[in-house]
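**Q** okay, here's the prediction I keep looking at, along with the sequence it came from:
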Amino acid sequence: MSGGGKETPRQAMIGMMYLFYTALLALNVSAEILTAFTLVDGSLRKTNTITEGVIESTQTEFAKAMTNDPNGTKKYNDLATEVVAAADKAYKEIQHYKLALVGTLEGVYGENDYTVPYSEASDAKDQEIEKALRDKWAVDKPEAADKNLVDIDDLVSKKDDNNVGGEIFITKGQGKVVAAGREGYKNTLIDIVNKGTDNSESSQKAKQALIASLNELLSTARMKSESDDIDSVDWDVSNFEHLPAAGVLTLMTKMQADVRNTESSVLSYLLSQIGKADMKFNAIRAVVSPTTSSYVLVNEPYKADVFIAAYDSTQNPDILVGGSPLKVEKGVGKYNGSTGSVGVKTFAGVIKLKNKSTGEIKDYPFKGEYEVGQSSLSVSPTKMNVLYIGVPNPLEVTASGYNSEKLHVSISQGSVSKGNGAGAYSAIVKTPGTAKVSVTATVDGQTKNLGVREFRVKRVPDPRASVTTKEAWGKGGTVSKAMLAASAGVKAELENFDFDMKFQVTGFKVSATIKGFVQDATSAGPAFTAQQKSIINQAPAGSKLYIEDIKAKGPDGSLRDLGAIVLKLK
């Protein structure tokens, strides 16, 4: 019955012996018939020994499978352990009642109560009864062989007694207890078979055949009656009522054979299920999977996992990326990533693969990453690598093969801050001379030095002073007195300078020759004072007006001397 419901030759032999045994029951219980019972019982016991050897070999195969594939075998090995435990309990329970029968017949059962349900605690008492039986047998037959080599069934001397069996199993109701134990063992095996079967059609058919066989071999249904008065009798009545002790023992040995045979069949079935639910593949390819970026710089390591991948070229699984299906050819999905913008791109999805053996669809999530770079041309004006003091100097930092978010920028003097946009930074420097900008990147948790660039550090050029009027003049030349007096004052501006940098005029002096005498007045800010406007108004037309000692302060805090402006009044 290994892996199915087909009857094995060993089971057929047991059935024939059982038919022979039931035929004997219809005859008078003569000494010859009792001897025949004993022979049948002995044959059944030898068959049980053979079956136990098969079971041991199957357990060895489970152990090998656990060594070779523990993950795929564990489920079935655990179920096999349950089968062995259930079978051992069922076998010992029958042996327990055998000892109750033989011990009572031989007068060594003492005060023990066989109506107490069998449990593991019963084993110790059963061992005591068995020892007492062997000791009695040795006394009765001193010339016989070693008492420990004799089977329990052969220790009974009153083989023709047909009362004690009926008393124990019918009157005291222990036959129904035996039937309940047999039924419970059968249900346990069926439950384990259901747990150990996948959803494939072949496995389902094998399972149904095995369960049908278990129901037949371990049946406790009512049996046909030998009496003309009734059609059938309970299972316990058919097996235990009005039978000689030799017949009862033979029947119970047959029950133990049923236990071992069904144990062997279920174990073989579970062993056959190992690997049936595994995915089947027909194609293999070598795969190189980068564990670092595919774009590396000089002296930086490139790392990748190299392995063999198996797949089924006859089955196209459903492969989804972002919920959209990919084109699949011979089991391999074809992914085309977007490259419309610069930066690191990530994608993720799931492969839905159907197990042909079980019909189950299993999800296999995956994710990937790639980086889109911008083709670039770098032309550097080597004489223009200048940083100016006191102003935010914009820097654009890029490193081929590295995500800009992974870069770290520092400077040897002043400070650097992150700007708006990828690779944008702003540097503030304080001292004329040089400054070194260093760039590092974080790669796989480690800091990589990408290089250093040196810049010259200079002061911002001096602004040019002018008079603020509404006309284009003001840096020198001819101007009307009225318009000059109405102007806001003096301002300082940087000419042809790319930085938006403001200077604040902090003071200047206005002077002119009036009636032969030089008059002057100073201002502590950019606007003309009342005294300075008076000088402008009193100066004669055609004379010169001097705006001198012009001072201005820049964002860097430095005070600049902007010289003088000479205007001709009209």
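**A** Everything's here; your move.
**Q** CA atoms for contacts and neighbours, from now on please.
**A** Noted.
**Q** so where's the longest helix in the protein?
**A** helix 31-68 (DSSP state H).
**Q** let me know the angle separating the very next helix or strand once past that helix from helix 31-68.
**A** Next helix or strand after helix 31-68 toward the C-terminus (DSSP states H and E): helix 70-105. If you take axes from the mean of the first three to the mean of the last three Cα atoms, to 10 degrees, helix 70-105 sits at 160 degrees to helix 31-68.
**Q** for helix 70-105, what is the average pLDDT?
**A** Averaged over helix 70-105, pLDDT sits at 91.
**Q** low pLDDT regions in the stretch 1-150 of the chain?
**A** Along the stretch 1-150 of the chain, the model assigns pLDDT under 70 to residues 1-37, 143-150.
**Q** what secondary structure does the closest residue to residue 103 other than its chain neighbours sit in?
**A** Nearest residue to residue 103, sequence neighbours excluded (Cα to Cα, 6 or more residues apart in numbering): residue 109, at 4.6 Å. Using DSSP: H, G, I helix; E, B strand; the rest coil, the three-state assignment for residue 109 comes out as coil.
**Q** quick check: residue 109 vs residue 334, distance?
**A** 79 Å (Cα to Cα, to the nearest Å).
**Q** out of these two, which sits in the busier spot?
**A** Set side by side, residue 109 and residue 334 show more neighbours around residue 109, with 22 against 12, by other Cα atoms under 10 Å.
**Q** quick one: residues contacting the more buried one.
**A** Counting by Cα atoms under 8 Å, 6 or more residues apart in numbering, residue 109 makes contact with 100, 103, 129.
**Q** can you redo those as JSON lines with neighbour count?
**A** As requested, the contacts of residue 109 are arranged in JSON lines below (neighbours: other Cα atoms under 10 Å):
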{"residue": "100", "neighbour count": "23"}
{"residue": "103", "neighbour count": "22"}
{"residue": "129", "neighbour count": "22"}
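**Q** my guess is residue 181 contacts residue 90. True?
**A** Yes: between residue 181 and residue 90 there is a contact at 6.7 Å, judged by Cα atoms under 8 Å.
**Q** how close does the residue nearest to residue 103 sit to residue 262?
**A** Going from residue 109 to residue 262 by Cα to Cα gives 31 Å.
**Q** ok, and the closest non-adjacent residue to residue 61?
**A** Counting by Cα to Cα, 6+ apart, the residue nearest residue 61 is residue 271, at 7.9 Å.
**Q** out of the contacts of residue 109, who's nearest residue 407?
**A** residue 129 (84.9 Å; Cα to Cα).
**Q** that closest one is in what secondary structure piece?
**A** Following DSSP H and E, one finds residue 129 within helix 122-140.
**Q** report the buried residues of that helix.
**A** Using 16 or more other Cα atoms under 10 Å as the test for burial, helix 122-140 gives 126, 129, 130, 132, 133, 134, 136, 137, 138.
**Q** returning to that earlier point: residues in contact with the residue nearest to residue 61?
**A** With contacts defined as Cα under 8 Å, 6+ apart, residue 271 is in contact with 58, 61, 62, 76.
**Q** ok, those vs residue 445, which is closest?
**A** Ranked by distance to residue 445 (Cα to Cα), the contacts of residue 271 are led by residue 76 at 43.3 Å.
**Q** correct me, but that closest one touches residue 270?
**A** Yes: contact criterion Cα under 8 Å: residue 76 and residue 270 qualify, at 6.0 Å.
**Q** shared neighbours, those two?
**A** With Cα under 8 Å, 6+ apart as the test, residue 76 and residue 270 both reach residue 196.
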